[in-house]
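1. Return atomic coordinates for the entry below.
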Amino acid sequence: MRQHYGLWLGLFLVGCQPSAPADTVESLTADLERLKVVQRQCRLDRASLGDAVCDAASEAYRRRFMGDRAGDGKQK
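-> Got it, this is the predicted structure:
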């Protein structure tokens, strides 16, 4: 019976940990410092971050630099 308490305690503690913030295009566009950190990490080790995060950082940089335009040259 005590083994079950340990299991439940472990599950409870894992569930209470804060989740890592999701780096979306919108969040990176709004937070320049986080964008710089993610871009630096992508340059150093893209494989560990993953293509989705690095692509989001690239798109966020493009939006900050070019404005929030569609990729086809037309404004939204």
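2. Please, where are all the helices along this structure?
-> Secondary structure of the chain (DSSP state H): helices at 2-16, 25-30, 32-49, 51-66.
3. What angle do helix 51-66 and the third one make with each other?
-> Helix 32-49 runs at 150 degrees relative to helix 51-66, counting by axes from the mean of the first three to the mean of the last three C-alpha atoms, to 10 degrees.
4. Pass me the low-pLDDT residue ranges in this structure, would you?
-> The chain contains residues with pLDDT under 70 at 1-3, 11, 14-21, 68-76.
5. Apart from its neighbours in sequence, what residue is nearest the residue nearest the centre of it?
-> By C-alpha atoms, centre = their mean, the mean C-alpha position of the chain lies nearest to residue 23, the distance being 2.1 Å. Counting by C-beta to C-beta, 6 or more residues apart in numbering, residue 53 is the residue found nearest to residue 23 once chain neighbours are left out, at 5.2 Å. No exception for glycine: its C-beta is placed from N, CA and C like everyone else's.
6. Take the helices of the chain and write them to a markdown table, including mean neighbour count.
-> What follows is these, written out as a markdown table (neighbours: other C-beta atoms under 10 Å):
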| stretch | mean neighbour count |
| --- | --- |
| helix 2-16 | 9 |
| helix 25-30 | 16 |
| helix 32-49 | 13 |
| helix 51-66 | 16 |
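7. Just confirm the residue nearest to the centre of the chain contacts residue 54, I think it does.
-> No. Using C-beta atoms under 8 Å, residue 23 is not in contact with residue 54, being 9.4 Å away.
8. Please state the backbone phi and psi of residue 24?
-> Dihedral angles of residue 24 (phi, psi; degrees, to the nearest 10) stand at phi -100, psi 170.
9. what sits against it?
-> residue 56 (C-beta atoms under 8 Å, 6 or more residues apart in numbering).
10. residues touching the residue nearest to residue 23, list them.
-> 23, 38, 42.
11. Serialize the residues you listed to CSV and add fields for distance to residue 32.
-> Shown next, in CSV, are these (distance: C-beta to C-beta, whole Å):
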residue, distance to residue 32
23, 13
38, 11
42, 15
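12. Spit out the residues that contact residue 23 and residue 54 alike.
-> Residues touching both residue 23 and residue 54 (C-beta under 8 Å, 6+ apart) are residue 38.
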